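Trainee: Predicted model, plus sequence, below.
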Amino acid sequence: MDGNTEARRPTKPNRAVGALDMHGPKLQYLVMKDTYSIKDLQEETAAAIHAAECGTLVTITRRDRPVAHVISTARLGRHP
């Protein structure tokens, strides 16, 4: 290196349209399950009910075979 070195600032990456800004607001995705085994349902009943309330058709399985569905009253067409 020569005696004429300067501290270099990191360069910013080129910003393309639609590029993800790693320093901006963070995106969060809420993933709701739509299938629960009976064992899972015992531990995650509230999550399954919440998913149904949000309009998801929740499937309950036993040994990987569907045995029941949970749907919201709104989706069923019966509003309280």
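Mentor: Everything's here; your move.

Trainee: I60 belongs to a strand?
Mentor: Yes. Counting by DSSP: H, G, I helix; E, B strand; the rest coil, I60 is found in a strand.

Trainee: Begin at 645, not 1, for the rest of this chat.
Mentor: Sure, I'll start counting at 645 from here, so that last one is I704.

Trainee: Mind listing what's buried along stretch 713-724?
Mentor: V714, S716 (16 or more other Cβ atoms under 10 Å). Where you see a C-beta, it was placed from the backbone N, CA and C, and this is true even at glycine.

Trainee: can you pull the contacts of the residue lying closest to H694 once chain neighbours are set aside?
Mentor: Excluding the flanking residues, the one nearest H694 by Cβ to Cβ, 6 or more residues apart in numbering is M676, at 7.3 Å. M676 makes contacts with A691, H694, A695, C698, T700, as judged by Cβ atoms under 8 Å, 6 or more residues apart in numbering.

Trainee: before we move on, what SS does M676 have?
Mentor: Classified using three-state DSSP, M676 is coil.

Trainee: And for H694?
Mentor: helix.

Trainee: count of neighbours near it?
Mentor: 13 (other Cβ atoms under 10 Å).

Trainee: swap in E687?
Mentor: If you count neighbours by other Cβ under 10 Å, E687 ends up with 9.

Trainee: what's the answer for the one 4 residues further on, then?
Mentor: Applying other Cβ under 10 Å, we find 15 other residues in the vicinity of A691.

Trainee: hang on, it in a helix?
Mentor: Yes. Counting by three-state DSSP, A691 is part of a helix.

Trainee: I figured it was touching K677, is that so?
Mentor: Yes. If you go by Cβ atoms under 8 Å, A691 and K677 touch, sitting 6.9 Å apart.

Trainee: For the closest residue to E697 other than its chain neighbours, give its distance to D708.
Mentor: Nearest residue to E697, sequence neighbours excluded (Cβ to Cβ, 6+ apart): S716, at 5.2 Å. Distance, S716 to D708, by Cβ to Cβ, to the nearest Å: 25 Å.
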